[in-house]
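> just need the structure, nothing else, for what follows:
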Amino acid sequence: MFDRTNMPTPFSHDVLSDSSAANRGEHEARESKSAESALSRAVLARYLAELFSEPDEAWLVRMSSDETRWEVRRSAESLGLPLGDANAIAIPDIEDLLTERNRLFGHTVRSACPPYELEYGRGEVFQQSQSLADLAGFYSAFGFQSGGPMAERPDHLIAEWEFLSVMALKESIALNAGQAEAAQCCRDAQRAFLSDHAATWIPAFCNRLRAAQPAPFFLAVTNLAEALMASWCSALRVSTGPAWLELRPVDEDDSTITCGADGDVQRVELGPTLAAALGARS
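The predicted structure is shown next:
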């Protein structure tokens, strides 16, 4: 079947072996880089979820720890995202932070800068229900459970950042373990979630937040969120939503709807803190 003159000589066999080894080395290097990038996205998404959370003394300890600041700085540098001269975003006095947070986000769903996906251009009740169901489906498919003391509506900004963080972390773990199929599954989930949800409205949310002239802390958080979303979408080849979206029409009941979820609306547990996640990973 093969002519002996076409069979590889010992020299050509060595060349082929060296070439195969080089290809394997290049593939492993690409996988390692992809794993590092996924981990960096996971850390920064978790960090953003924390930054948008309501602060307390325990929050201050977590966000100010050397470990957290080092992880954030390394992750930002890995993705080429700016954090300024500090190791992480500077944390202001908690009372000042709470005052500014309440001004921007308030205590009801409709605020100056609503941190809920469904507030952006989605007025039909059926469409809202379908979107909430789709979000809940994403979460439950990968192990998120409804309920818990820090539960929120599935379309909350923090819930969406945390889901992206978990999926990127799973992708990184799978890549490091050589589980290409599992890594691709996680990557596909991120791509679908960004395309259908997070990337459609977070750019508009960031622009609305910037237009509200936030204090330096929230301006820095906004810039990081916008940069990370753009980087994530670029890496996964997902188009981002428009820079501006009108809010949905206000209903009579909106003034009485508080943050979180009541009744039969599905909720998602926001999960562990950044420090806890990093501790579990190590």
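> dump whatever helix or strand Arg187 lives in to PDB, restricted to CA.
Secondary-structure element containing Arg187, defined by DSSP states H and E: helix 180-193. Output for helix 180-193, consisting of C-alpha atoms alone and laid out as PDB, is shown next (Å, rounded to 0.1, in the frame of the first residue of the first chain):
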ATOM      1  CA  ALA A 180     -11.800  20.700  26.200                       C
ATOM      2  CA  GLU A 181     -15.400  19.700  25.800                       C
ATOM      3  CA  ALA A 182     -16.400  21.000  29.300                       C
ATOM      4  CA  ALA A 183     -14.500  24.200  28.700                       C
ATOM      5  CA  GLN A 184     -16.300  24.700  25.400                       C
ATOM      6  CA  CYS A 185     -19.600  24.100  27.100                       C
ATOM      7  CA  CYS A 186     -18.800  26.900  29.600                       C
ATOM      8  CA  ARG A 187     -17.700  29.200  26.900                       C
ATOM      9  CA  ASP A 188     -20.800  28.600  24.800                       C
ATOM     10  CA  ALA A 189     -22.900  29.400  27.900                       C
ATOM     11  CA  GLN A 190     -21.100  32.600  28.400                       C
ATOM     12  CA  ARG A 191     -21.500  33.600  24.800                       C
ATOM     13  CA  ALA A 192     -25.300  32.900  24.900                       C
ATOM     14  CA  PHE A 193     -25.700  34.600  28.200                       C
END
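> report all helices and strands that that helix contacts.
In terms of contacts (3 or more CB pairs under 8 Å, 6 or more residues apart in numbering; DSSP states H and E), helix 180-193 is packed against helix 125-141, helix 157-176, helix 216-236. To be clear about C-beta, it is placed using only N, CA and C from the backbone, and glycine gets the same treatment.
> can you tell me which of those is nearest to Pro242?
Distances from Pro242 to each of the helices and strands packed on helix 180-193 were compared by CB to CB, and the smallest falls on helix 216-236, at 13.0 Å.
> who touches that closest one?
Contact partners of helix 216-236, identified using CB atoms under 8 Å, 6 or more residues apart in numbering, comprise 37, 41, 44-45, 48, 51-52, 76, 79-84, 89-92, 97, 100-101, 104, 164, 187, 190-191, 194, 198-199, 202-203, 206, 209-210, 214, 238-240.
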